[in-house]
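Participant: okay, here's the prediction I keep looking at, along with the sequence it came from:
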Amino acid sequence: MADARKPCVILGSGRPHGRTRDTIRIAFPNDTVEVVALADKVVQQYGFVSADGRDDFLSIVQKMHLANTLIFATPVYWYAMAAPLKAFFDRFFDLLDNEGGRRLKGKSVWLIATGAEPAMPEGFEIPFRRTAEYFQMRYRGEFYFRTGSGPSEAEKAALAKCGASVLMADLSQELKSPDQASFHSTSLPPERAAG
Ligand SMILES: Cc1cc2nc3c(=O)[nH]c(=O)nc-3n(C[C@H](O)[C@H](O)[C@H](O)COP(=O)(O)O)c2cc1C
C-alpha cells in the first residue's frame with residue numbers, strides 16, 4: 001500500500017538498483033518518497049496482449065493517483081529515456097478519456113535524469129513536459145546528474161538540495177490544496193531546475 005500523498009518516484013531504469021536508484025536514495029533520504037521500480041514490475045508493451053491480459057500497469061497508476069507529485073527518474077540510454085519508462089509512457093494510451101487519466105490532472109511532475117555525459121541531451125525533457133501537459137498535469141522542471149566514479153560530497157549535497165526543493169514544492173502544493181480539484185485552477189510557470 002502506498003503512503004497517501006508521498007511523492008511517487010517512477011524509476012525507469014533497466015537496473016532496479018543501479019545508479020539512478022542511488023541518485024534517488026541520496027536526493028530523498030529517509031523514505032520521503034514512494035519508489036516504484038519498473039524493472040521489478042510487469043508492464044506489457046502497448047498493443048501486446050498477454051495470455052491473461054493482466055500486468056502491473058493499473059496498480060502503478062493507482063499509486064500515482066495517491067500522490068500530488070510524480071517524479072519520473074530515468075537514466076539516459078542512447079540520448080533517450082530508458083526502455084521500461086518508455087513502455088510505461090506508451091501505456092498511458094490506456095488512460096485516455098477515462099477516470100484513470102482524469103485523476104492525473106493537477107499533479108506536479110518532475111524529471112530526474114542520470115547519464116555519463118556532462119549534460120542532459122537537448123530536448124530530453126520534451127516527452128515528459130508534453131505528456132504532463134496532455135494530461136493537464138504541471139511540469140515543474142528537471143534535474144540532471146552525471147554519474148561516474150560515484151558522487152563526491154559536494155555532489156551529494158547538491159542532490160540533497162534538489163530533493164529538498166521537490167519536497168518543499170510538494171508540501172506547498174499540499175498546503176495550498178488538500179483537495180486536488182481546486183489546485184489546477186492556477187498555473188505556475190514551469191521551473192527550470194537543471195543547470
Ligand atoms: C544502454 C546504455 C546507453 C547509454 N547511453 C547514454 C547516453 O546516451 N548518454 C549518457 O550520458 N549516458 C549514457 N549511458 C550511461 C548511463 O546513462 C549512466 O551510467 C546512468 O547513470 C546509468 O543508470 P542506471 O544504473 O540506473 O542504468 C548509457 C548507458 C547504457 C547502459
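Facilitator: Noted; the coordinates are in hand.

Participant: my read is residue 139 is in a helix, agree?
Facilitator: No. Under DSSP: H, G, I helix; E, B strand; the rest coil, residue 139 sits outside any helix and is assigned strand.

Participant: measure residue 75 to residue 121 for me?
Facilitator: 12 Å (CB to CB, to the nearest Å). C-beta: built from backbone N, CA, C; applies to glycine.

Participant: the more surrounded of those two?
Facilitator: Remark: of residue 75 and residue 121, residue 75 carries more neighbours, 23 against 14, as counted by other CB atoms under 10 Å.

Participant: give me the secondary structure label for the more buried one.
Facilitator: strand.

Participant: quick check: beta-bridge partners of it?
Facilitator: Note on residue 75: beta-bridge partners by DSSP bridges are residue 114.

Participant: quick check: it vs residue 114, distance?
Facilitator: 5 Å.

Participant: hey, what's in contact with both of these two?
Facilitator: Common contact partners of residue 75 and residue 114 (CB atoms under 8 Å, 6 or more residues apart in numbering): 19-20, 147.

Participant: out of those residues, who's the most crowded?
Facilitator: Going by other CB under 10 Å, residue 20 tops the shared contacts of residue 75 and residue 114 with 27 neighbours.

Participant: how near is that residue to residue 159?
Facilitator: 12 Å.

Participant: just residue 102 next, same as before
Facilitator: Residue 102 is 34 Å from residue 159, by CB to CB.

Participant: these two: who's more crowded?
Facilitator: The neighbour comparison of residue 102 against residue 159 (other CB under 10 Å) goes to residue 159, with 22 against 12.

Participant: could you export the helix or strand the more buried one falls within as CSV, CA atoms only?
Facilitator: Counting by DSSP states H and E, the element that carries residue 159 is helix 153-176. Output in CSV follows, covering the C-alpha atoms of helix 153-176 (Å, rounded to 0.1, in the frame of the first residue of the first chain):
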residue,chain,number,x,y,z
GLU,A,153,30.4,15.1,-1.0
ALA,A,154,29.6,18.2,-3.0
GLU,A,155,27.6,16.3,-5.5
LYS,A,156,25.7,14.5,-2.7
ALA,A,157,25.0,17.9,-1.1
ALA,A,158,23.7,19.2,-4.5
LEU,A,159,21.5,16.1,-4.8
ALA,A,160,20.0,16.6,-1.3
LYS,A,161,19.3,20.2,-2.2
CYS,A,162,17.4,19.2,-5.4
GLY,A,163,15.4,16.6,-3.4
ALA,A,164,14.6,19.2,-0.8
SER,A,165,13.3,21.6,-3.4
VAL,A,166,11.0,18.9,-4.8
LEU,A,167,9.7,18.0,-1.3
MET,A,168,9.2,21.7,-0.4
ALA,A,169,7.2,22.2,-3.6
ASP,A,170,5.2,19.1,-2.8
LEU,A,171,4.5,20.4,0.7
SER,A,172,3.4,23.8,-0.5
GLN,A,173,1.1,22.1,-3.1
GLU,A,174,-0.4,20.0,-0.2
LEU,A,175,-0.9,23.1,2.0
LYS,A,176,-2.5,25.1,-0.9
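
Participant: good, wrapping up.
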